[in-house]
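Visitor: Give me a model of this one.
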Amino acid sequence: MLSFVDLATRPQFAVAAVTCRNDDTNWSAVESHRHTQVVLVRRGRFRRRVRGVSADIDPTVGYLGAPGDEEDFAHPAGGDLCTSISLAPALWRSLAGDATHLTTSTIYVDARLDLAHRRLLAAARTPDADYAGAERLTDLIRHVVDQVIAAPTPAAASARPSDRALAARARDLIRDTHPAATGLLPLATHLDVSPYRLSRAFTRELGVSLTRYRNRLRVTRALDRLQAGEPHLGLLAADLGFADQAHLTRTVRDHLGHTPTALRRLLA
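Guide: Here you go, the predicted structure:
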C-alpha cells in the first residue's frame with residue numbers, strides 16, 4: 001500500500017514523501033509516468049525493473065524515471081520511505097538540455113546529493129517553496145544530471161551480472177555494519193573473492209571505491225546525528241568508528257565541503 005504526502009506542489013514540479021508498506025517479493029503491475037521523476041530513498045530498500053534491467057534501490061542508489069518508461073517493483077525487504085520529485089517537461093529541458101539519451105536510469109547518491117536532498121526537504125517544509133524550495137530543487141537536479149547524461153553509470157546494463165551481484169552483496173554488508181565490513185581484506189574473505197577482484201568490481205559497478213562508499217555511509221550517519229542535535233563530536237566520532245574527532249571532521253569536510261559544526265547550522 002502506498003501513501004503520499006505532498007511537500008511542495010507547483011505547476012513545474014512536485015515534491016512528495018511516499019511511504020510504501022509492502023513485503024511482496026513478486027513484481028508489481030507495470031506502471032508509467034508522463035513526467036520525469038527522480039526518486040531518492042530515505043529509509044528501506046526495494047527493486048526496480050525497467051526495459052528488462054533490474055536494480056536494487058536504497059538510500060545510496062536512487063533512480064530517474066523518464067516519461068513513458070514502463071517499470072515495475074518488488075519489495076523483498078519490506079516497506080520503504082522515499083522522496084519523489086516530479087518535473088514537468090519544460091523544467092527538465094531547462095535543467096538537462098535537449099539530450100534524449102540517458103547513460104543510465106540509476107543514480108549514485110553520494111554525500112553531496114544526500115545533503116542536497118535533505119536541504120530540499122527542509123526548504124519544502126517552509127512556505128517559501130517558490131524561491132528556497134526551487135533553489136534547492138535545481139541544486140539537487142544538477143547532481144542528477146551530471147550522472148544520467150554525462151557521468152559514468154553506477155549500475156550500467158553492460159556490467160557483468162557477477163560484478164553487479166558482488167557489489168550488491170558488498171553494499172549490504174557495509175550498510176548493515178557486518179563484522180566482515182571492517183576492511184577490504186575481511187570483506188573479500190567473507191565474499192570468497194580476491195581483494196583486487198572485489199575492489200575492481202565495486203568501483204566498476206558503483207563508480208566509487210569501497211573506501212569512499214563506506215565513508216559516504218558514515219557521513220550519512222553523522223548527518224543523521226547532527227540533524228537530531230548531537231552535541232558531542234568526540235562521542236559521535238567514536239560511535240561511527242573514526243579514529244578521533246579530527247578524523248571525523250576531515251572525512252565530513254572531504255565529502256561535503258563543510259565541518260560538522262557548520263552542518264549543524266545548515267541543518268537547523
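Visitor: can you pull out the strands in the stretch 51-200 of the chain?
Guide: Taking DSSP state E, counting those that start in this stretch as the test, the strands found in the stretch 51-200 of the chain are 53-57, 61-65, 71-74, 80-87, 106-108.
Visitor: If you count contacts, what does the last one end up packed against?
Guide: Spelled out, that is strand 106-108. Other elements packing on strand 106-108 under the criterion 3 or more Cβ pairs under 8 Å, 6 or more residues apart in numbering; DSSP states H and E are strand 61-65. Placement of C-beta: from N, CA and C, glycine included.
Visitor: Next, Tyr254: secondary structure please.
Guide: You called it Tyr, but residue 254 is Asp. helix (DSSP: H, G, I helix; E, B strand; the rest coil).
Visitor: Run a quick neighbour tally on Val41.
Guide: Residues near Val41, counting by other Cβ atoms under 10 Å, number 21.
Visitor: Give me the below-cutoff pLDDT ranges for the stretch 1-150 of the chain.
Guide: Scanning the stretch 1-150 of the chain for pLDDT under 70 picks out 99-101, 150.
Visitor: per-residue confidence at Ala159?
Guide: You'll see Ala159 listed with a pLDDT of 48.
Visitor: What segments of the stretch 51-200 of the chain are helices?
Guide: Taking DSSP state H, counting those that start in this stretch as the criterion, the stretch 51-200 of the chain carries its helices at 89-96, 111-124, 134-145, 161-175, 184-191, 195-206.
Visitor: And the next helix or strand past the last one?
Guide: Just to be clear, that refers to helix 195-206. Later in the chain than helix 195-206, the nearest helix or strand by DSSP states H and E is helix 210-227.
Visitor: Kindly export that following helix (C-alpha atoms) in PDB.
Guide: Output of helix 210-227 as PDB, limited to C-alpha atoms (Å, rounded to 0.1, in the frame of the first residue of the first chain):
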ATOM      1  CA  LEU A 210      34.800   0.700  -1.400                       C
ATOM      2  CA  THR A 211      36.600   3.100   0.900                       C
ATOM      3  CA  ARG A 212      34.700   6.100  -0.500                       C
ATOM      4  CA  TYR A 213      31.400   4.200  -0.200                       C
ATOM      5  CA  ARG A 214      32.000   3.200   3.400                       C
ATOM      6  CA  ASN A 215      32.900   6.700   4.400                       C
ATOM      7  CA  ARG A 216      29.800   8.000   2.500                       C
ATOM      8  CA  LEU A 217      27.600   5.900   4.700                       C
ATOM      9  CA  ARG A 218      29.400   7.000   7.800                       C
ATOM     10  CA  VAL A 219      28.900  10.700   6.700                       C
ATOM     11  CA  THR A 220      25.200  10.000   6.300                       C
ATOM     12  CA  ARG A 221      25.000   8.600   9.900                       C
ATOM     13  CA  ALA A 222      26.900  11.700  11.100                       C
ATOM     14  CA  LEU A 223      24.300  13.900   9.300                       C
ATOM     15  CA  ASP A 224      21.500  12.000  11.000                       C
ATOM     16  CA  ARG A 225      23.000  12.500  14.400                       C
ATOM     17  CA  LEU A 226      23.900  16.200  13.800                       C
ATOM     18  CA  GLN A 227      20.400  16.800  12.500                       C
END
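Visitor: Perfect, that will be all.
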